[in-house]
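Engineer: Fold the following and give me the result.
(4 chains)
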2 protein chains.
Amino acid sequence: MSEKTYHHGDLKNALIRAGIEILTQEGIGGLSLRKAARKAGVSHAAPYAHFADKQALIAAIASDGHRRIHERLAAALAEHSDDPTRLLLGAAWAYIRFGLEFPSHYKVTFSGTLENEHSHPEFVDYSQRNIRLLQDIVEQCRAAGILQTEGIDSENQAVNLWGQVHGLVSLVVQGQLPGRLLGDESIKGIFIAGLRQMVLVPIDEKMLAE
Amino acid sequence: MSEKTYHHGDLKNALIRAGIEILTQEGIGGLSLRKAARKAGVSHAAPYAHFADKQALIAAIASDGHRRIHERLAAALAEHSDDPTRLLLGAAWAYIRFGLEFPSHYKVTFSGTLENEHSHPEFVDYSQRNIRLLQDIVEQCRAAGILQTEGIDSENQAVNLWGQVHGLVSLVVQGQLPGRLLGDESIKGIFIAGLRQMVLVPIDEKMLAE
DNA sequence: ATACAATCTTTACAATGTCAAGTTTTGCAC
DNA sequence: GTGCAAAACTTGACATTGTAAAGATTGTAT
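Structural biologist: A predicted model of the protein is given here:
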């Protein structure tokens, strides 16, 4: 691992990891190509062999965020394939927890830092993979009668549910809520209130693991 | 206006305006203190008489975003003080339109660019002013029976409604939705579906003035 | 083995954020 | 008004950064 070969071997991923680390420790403002290169033990221009520019590294980090979210959603889908209510709640809660655990990574994935999302096909792919997965979940819930089906198709509904959860996570992560609402209990309460409005069945707070 | 005095006279606001212009034309990446200074016709270090650092200018721009949103919400409140349904829809729609009209300004106000929101008291003030205004609106709607009151207090409900609308605007503005959903009609449809879920009364699409 | 492509280093440059020191102006005490 | 301190700006400097160009090193296909 610490051998000093001319060729790094896995620089691209090393740079992504380094970038995420910087992000987590210093926030978005601390992220620079040169710093990531330093952290990976290569010269400051080495990244250009793998990323066209800084935005490309950011796009890779943002894509990684989507990938991690996808992992969590897929895990929820696997775990609760029998109970649609728990499935929907589990998925939402997994999503929320990712945002609260890794706020900087969440921000890069969803907010502002990446400038031209649509010119990074990799990012678009990962993003759409999540939409499709969510739409699957929504369709299971519609079939099971825990989501309204009248007047709204499943894609539109998926986007709306995503928007609702994403909006709350965003507000919290972006420090837009008054400090008084930022306690763990308070935040959980807000999310539960939101989740209750999403589904047609009553929700027990205990359904949210962890 | 174009007199060349040593003292600019209104540099602070000129810099904010210049910053917003740059933002609108070139996106967040194009925004720099020096460029704003150039645009305002002063030397590159002049901004430091009014802003501690770049983040402070960004905070001012973000605060201005909140101020403009507040204006629109207040206008909706004044216009529909008699009809709570139209009030809620008008406010939501005004908010949405700001985001769609000025995506870059919206992003700066809500997303990532500003690093330490809570160390900019001006920003916090403007933000909370909006929450309070929204809570007022919510309370009127609760009293009129068009919003559910059971199991949720008005502050929590205000945050949830805000989150829902903000989340959708965010997804659109951040290019997270598949291109197919980004047409004007499609977007309007998504928002209407969202708004329908918010209130207890049926919504006519025509209630959303353009 | 040789050539080619990928990977990485070195060097260089312009733009930027920010600081320090100096200059001009304003506003206010007298 | 006179004088003067504070505020508003300019100039000059420096470190950091993104990025391009040219060269060095290594892997790989033939």
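Engineer: only C-alpha atoms for contact and neighbour calcs from this point on.
Structural biologist: OK.
Engineer: Tell me the spatial nearest neighbour of A:Y95, not counting adjacent residues.
Structural biologist: A:I69 (6.3 Å; C-alpha to C-alpha, 6 or more residues apart in numbering or on different chains).
Engineer: quick one: the one you found and A:R97 touch, right?
Structural biologist: No: between A:I69 and A:R97 there is no contact under C-alpha atoms under 8 Å: 9.8 Å.
Engineer: Compare the two (neighbour count), which wins?
Structural biologist: A:I69 (23 against 16; other C-alpha atoms under 10 Å in any protein chain shown).
Engineer: Please, where are all the helices along chain A?
Structural biologist: A:11-26, A:33-40, A:54-79, A:84-101, A:103-110, A:121-143, A:154-173, A:184-198 (DSSP state H).
Engineer: ok so, going back, for the residue nearest to A:Y95, give me the pLDDT.
Structural biologist: A:I69 is assigned a pLDDT of 98 by the prediction.
Engineer: list the contacts for it?
Structural biologist: A:A94, A:Y95, A:F98, A:N130 (C-alpha atoms under 8 Å, 6 or more residues apart in numbering or on different chains).
Engineer: Measure how buried A:M207 is and give me the count.
Structural biologist: A:M207: 12 neighbours (other C-alpha under 10 Å).
Engineer: Just the pLDDT for it.
Structural biologist: 81.
Engineer: now A:G179
Structural biologist: 86.
Engineer: same thing with A:N116?
Structural biologist: pLDDT at A:N116 comes out at 89.
Engineer: got it, and A:Y6?
Structural biologist: A:Y6 is given a pLDDT of 67.
Engineer: A:L195: how many residues sit nearby?
Structural biologist: 20.
Engineer: Just give the nearest non-adjacent residue to it, would you?
Structural biologist: In space, A:L195 is closest to A:L89, 7.4 Å off (C-alpha to C-alpha, 6+ apart).
Engineer: what's the domain layout of chain A?
Structural biologist: With domains defined by automatic domain parsing, chain A comprises A:1-51, A:52-207.
Engineer: Endpoint to endpoint, the longest one covers what distance?
Structural biologist: When you say that, I think you mean domain A:52-207. 45 Å (C-alpha to C-alpha, to the nearest Å).
Engineer: That domain close to DNA strand C?
Structural biologist: No: using C-alpha under 7 Å from any atom of the strand, domain A:52-207 stays clear of DNA strand C, coming no nearer than 11.3 Å.
Engineer: Helix or strand with the lowest mean pLDDT in chain A?
Structural biologist: helix A:184-198 (a mean of 88; mean pLDDT, DSSP states H and E).
Engineer: between it and helix A:84-101, how big is the angle?
Structural biologist: 140 degrees (axes from the mean of the first three to the mean of the last three C-alpha atoms, to 10 degrees).
Engineer: Mind listing residues that contact helix A:184-198?
Structural biologist: A:89, A:147, A:161, A:164-165, A:168, A:181, A:202-203, A:205, B:151-152, B:156-157, B:159-160.
Engineer: Those residues: which two are farthest apart?
Structural biologist: A:L147 and A:L181 (28.6 Å; C-alpha to C-alpha).
Engineer: of the two, who's got more company?
Structural biologist: Between A:L147 and A:L181, A:L147 has the larger neighbour count (other C-alpha under 10 Å), namely 21 against 17.
Engineer: Look up phi and psi at the more buried one.
Structural biologist: With angles defined as degrees, to the nearest 10, A:L147 sits at phi -130, psi 140.
Engineer: can I get the helices of chain A in JSON lines with distance to B:A193?
Structural biologist: JSON lines is the format used below for the helices of chain A (distance: least, C-alpha to C-alpha, whole Å):
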{"stretch": "helix A:11-26", "distance to B:A193": "36"}
{"stretch": "helix A:33-40", "distance to B:A193": "42"}
{"stretch": "helix A:54-79", "distance to B:A193": "24"}
{"stretch": "helix A:84-101", "distance to B:A193": "19"}
{"stretch": "helix A:103-110", "distance to B:A193": "22"}
{"stretch": "helix A:121-143", "distance to B:A193": "15"}
{"stretch": "helix A:154-173", "distance to B:A193": "8"}
{"stretch": "helix A:184-198", "distance to B:A193": "13"}
